[in-house]
Structure formats: C-alpha cells, structure tokens
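A.B. asks: Structure for this input, please:
(one chain, ligands or ions: 1)
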Amino acid sequence: MSEIKANLKRVRENIITAAKRVGRDSDDIKLIAVTKTRGIEEIKTVVDAEVLDLGENRAQELRDKYGEVNAEVNWHMIGHLQRNKVKYLMRRERCNLIHSVDSLRLAKEINKRANKNDRVIDILIQVNTAGDENKFGLKPENLMSYLQEVSEFNNIKVKGLMTMAPHVEDTEKVRPYFRKLKELFEEAKKRNISNIEMEELSMGITNDYEVAIEEGATIVRVGSAIFGPRQYK
Ligand SMILES: *Cc1c(COP(=O)(O)O)cnc(C)c1O
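C.D. replies: This next block holds a predicted model:
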C-alpha cells in the first residue's frame with residue numbers, strides 16, 4: 001500500500017511541475033484518482049492521503065463502492081453511461097459530476113431523473129476531438145448546437161468539457177486533441193449560452209496528463225500511475 005502513496009506523491013509532483021512549465025497554478029488542477037477495478041483497501045489508501053475526488057467508469061461499481069468507502073469524497077462518473085444506469089447515480093451525495101454526457105437522449109434522461117430527485121446535477125460534455133472511432137463523444141462540429149439544446153434542461157448544469165485521447169507512445173501526438181478541446185471551451189464560453197458554464201476541462205490520464213495540463217486541463221483522471229497496472233477479471 002505504501003507503494004500507492006509513493007506513486008501518488010510522484011503524480012502530485014508531476015502535476016506541479018507541468019503547471020509551472022506553462023505558468024499555471026497547480027491549485028487550479030484537480031486530481032481524480034480513478035478507482036475502477038480497485039479494491040476498497042487501495043481506495044482507502046488514497047483517501048487517507050487526502051485525495052478528495054474519485055472516479056469510476058461504471059455506474060453500478062460507483063454505487064457499490066460509494067457505501068463501502070464511506071468517506072467525504074466527491075465521486076465522478078467518468079465512463080460511458082447507458083440511460084438505464086442513470087438511476088444509480090442519483091442519490092444526492094453519490095455522484096457530483098458526470099463527465100461523459102454525449103447524446104441528447106442521455107442528457108434528457110439525466111434531467112428527468114434529477115428532476116424526480118429534486119436536484120440539479122453537474123455534467124461535462126464529452127467531445128471526441130480526435131475523431132477516434134473507438135472513443136465516445138460528440139463530434140466537435142456538433143458541440144455548439146448541442147449546448148444550445150441542453151441549455152433548455154433545468155435539472156442539469158453544464159460545467160465544461162471532457163475528452164479522452166487515443167493511446168499513443170509519443171504523447172506529443174495527442175497535444176492537438178487537447179488544444180482543440182480548449183479552443184471549443186473558449187468558443188463556448190464566448191457564446192454566453194444561458195445555463196451553460198465553462199469552468200472545467202477534464203482531460204488527461206496516466207499516459208498524457210502532463211501534456212493535458214500544459215494545454216489547460218483543470219481536471220486530470222489518473223488511475224494506473226497511482227494504483228499500478230489494472231487487472232481485469
Ligand atoms: C480508466 C479511465 C481513466 C484512467 O486511466 P489510466 O490510464 O489508468 O490513468 C481515465 N478516464 C477514463 C474515462 C477512464 O475510463
């Protein structure tokens with residue numbers, strides 16, 4: 001377990017260094033520890049080390065772990081979300097931010113469920129800036145009209161954008177995809193659409209979080225660099 005703490009320390013140092021390289025304040029960058037496939041003891045280790053944000057990519061896994069970890073942390077739904085799973089995220093304190101909204105039908109379902117639960121839920125819109133067929137997300141050219149439509153929903157609040165870059169060895173290759181997301185973020189901000197706030201840019205994982213920070217990420221989602229390689233059952 002102390003290996004996790006050492007890894008975490010290194011990731012935090014890398015975040016500070018990457019921020020400094022581009023004159024940013026690392027306090028403006030939130031680290032989400034991605035806990036998918038990890039056991040409760042491993043998760044508690046990072047919570048002990050004052051990680052306040054945890055990310056899961058499956059709604060049921062998030063729901064189940066929520067109770068077991070039982071700590072004052074923010075939970076983030078970062079993975080592709082099916083409409084029939086939205087209900088698992090709705091208890092007020094269970095999920096603080098859904099990063100992966102990428103269709104009108106999904107937004108509509110989240111809005112409906114949030115309304116039933118008498119809450120407003122914060123979401124990010126996932127954009128497929130790389131045009132990668134294996135990744136989810138809106139096409140960049142559809143984002144602005146999508147934001148217009150989503151702004152009509154009263155029980156969701158758009159807080160920013162998210163992307164997932166393709167996995168490559170040379171992380172310089174993904175820089176343009178992060179830069180593109182930042183451009184879309186600035187454009188959306190300029191449009192001043194009611195009910196749409198552009199505050200968060202969720203981009204960067206183990207492979208590429210330092211590049212993402214250089215390009216303006218406010219949230220990085222890091223799993224393996226903290227917990228080691230994932231073993232899928
Ligand atoms: C698994 C996952 C991550 C973390 O990936 P690592 O390579 O382990 O850092 C980040 N974002 C999403 C959406 C994920 O599913």
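
A.B. asks: count of neighbours near the residue in the chain positioned nearest to the ligand?
C.D. replies: The nearest approach of the chain to the ligand comes at residue 223, 2.6 Å away (Cβ to the nearest ligand atom). Where C-beta positions appear, they are placed from N, C-alpha and C, glycine not excepted. Under the neighbour criterion other Cβ atoms under 10 Å, residue 223 is assigned a count of 21.

A.B. asks: in terms of contact, does it touch residue 34 like I think?
C.D. replies: Yes. With contact defined as Cβ atoms under 8 Å, residue 223 counts as touching residue 34 (3.4 Å).

A.B. asks: got any residues that touch both of those two?
C.D. replies: 55, 205 (Cβ atoms under 8 Å, 6 or more residues apart in numbering).

A.B. asks: could you list every residue that touches the residue of the chain closest to the ligand?
C.D. replies: Counting by Cβ under 8 Å, 6+ apart, residue 223 touches 33, 34, 35, 36, 55, 205, 206, 230.

A.B. asks: Lowest-confidence entry in those residues?
C.D. replies: Summarising pLDDT for these: the lowest-scoring member is residue 230, with 86.

A.B. asks: If we ignore the residues flanking it in sequence, what's nearest residue 60?
C.D. replies: Excluding its sequence neighbours, the residue lying closest to residue 60 (Cβ to Cβ, 6 or more residues apart in numbering) is residue 88, at 5.7 Å.

A.B. asks: That neighbour in helix, strand or coil?
C.D. replies: helix (DSSP: H, G, I helix; E, B strand; the rest coil).
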